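Chemist: Quick one: sequence plus predicted model below, questions after.
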Amino acid sequence: MPEETFRWVITGAVLIATLCMVVMAVATIVMYRVMSKMQAKTAGMIDSVEPIVETVKRLAIDNAPKISGIATRAKEIADNTKEISDVARDQAHRFAEVGRDIADKTKAQVARVDAVVDETVDQVQHAGSNVREVVMKPVREASGVLAGVKAAVSAYAQGKRSGVSHVTQDEEMFI
């Protein structure tokens with residue numbers, strides 16, 4: 001690179017560095033002014049806040065035993081609540097187990113009752129069939145005897161038998 005170009009590059013770099021220093025100086029002055037205004041505003045506020053801070057300190061010191069007692073009671077309440085929750089959870093599990101046991105036993109008893117009812121219905125049907133058979137047998141026998149008596153009375157009343165030309169179908173089957 002030629003020497004003249006090198007000098008222009010160095011001059012530009014020095015100008016940029018100088019410009020940066022000037023910008024930083026201006027920014028520092030602006031920040032100083034802002035901080036001064038802020039300090040003036042906070043100085044007045046500090047005077048009004050100091051009594052409040054003192055009151056809060058005094059209240060904290062005066063009420064420290066009460067706050068400590070409240071914290072202790074709150075911890076005891078939390079512990080008791082946890083114990084109650086644990087007991088309630090255990091009881092809920094026990095009730096669920098008892099409910100399942102009752103449901104299982106109820107199902108078994110219902111099944112037994114259903115089997116007994118089915119068996120009873122079968123026995124009643126069988127007994128009904130036997131009674132029907134026992135009652136109907138004498139009725140059929142009596143009906144047969146009455147039919148025989150009726151045929152005898154009818155044959156006796158007519159006195160003579162009809163000829164072969166008047167043979168009924170029953171008689172044909174008998175022969």
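Modeler: Alright, I've got the coordinates.

Chemist: For residue 155, give its distance to residue 124.
Modeler: From residue 155 across to residue 124, the span is 46 Å (C-beta to C-beta, to the nearest Å). The way it works is simple: take the backbone N, C-alpha and C, and place the C-beta from them, glycine included.

Chemist: nope, residue 144 is what I was after
Modeler: Counting by C-beta to C-beta, the gap from residue 144 to residue 124 is 30 Å.

Chemist: Next one, pLDDT for residue 53 please.
Modeler: Model confidence at residue 53, given as pLDDT, is 86.

Chemist: Packing partners of the helix or strand residue 105 falls within?
Modeler: In this structure, residue 105 is located in helix 3-158 according to DSSP states H and E. Judged by 3 or more C-beta pairs under 8 Å, 6 or more residues apart in numbering; DSSP states H and E, helix 3-158 is in contact with no other helix or strand.

Chemist: quick check, distance from that helix to the centre of its chain.
Modeler: Relative to the centre of its chain, helix 3-158 is centred 9 Å away, using C-alpha atoms, centre = their mean, to the nearest Å.

Chemist: just for the protein, where's the confidence low?
Modeler: Across the chain, the ranges flagged by pLDDT under 70 are 159-175.

Chemist: ok, so what distance separates the most centrally placed residue in it from residue 103?
Modeler: By C-alpha atoms, centre = their mean, the chain has its centre lying nearest to residue 96, at 13.4 Å. Counting by C-beta to C-beta, the gap from residue 96 to residue 103 is 11 Å.

Chemist: And residue 43, by the same measure?
Modeler: Taken as C-beta to C-beta, the span from residue 43 to residue 103 is 79 Å.

Chemist: How about residue 24?
Modeler: Residue 24 is 85 Å from residue 103, by C-beta to C-beta.

Chemist: Next: residue 59.
Modeler: Taking C-beta to C-beta, one finds residue 59 at 61 Å from residue 103.

Chemist: Kindly report the same for residue 67.
Modeler: Taking C-beta to C-beta, one finds residue 67 at 53 Å from residue 103.

Chemist: count of neighbours near residue 51?
Modeler: 9 (other C-beta atoms under 10 Å).

Chemist: can you check residue 61 too?
Modeler: 9.

Chemist: Repeat that for residue 84.
Modeler: There are 10 residues near residue 84, going by other C-beta under 10 Å.

Chemist: Please report the distance of it from residue 70.
Modeler: Distance from residue 84 to residue 70, by C-beta to C-beta: 21 Å.

Chemist: Repeat that for residue 90.
Modeler: 30 Å.

Chemist: now do residue 124
Modeler: 78 Å.

Chemist: And for residue 95?
Modeler: Counting by C-beta to C-beta - residue 95 and residue 70 are separated by 36 Å.
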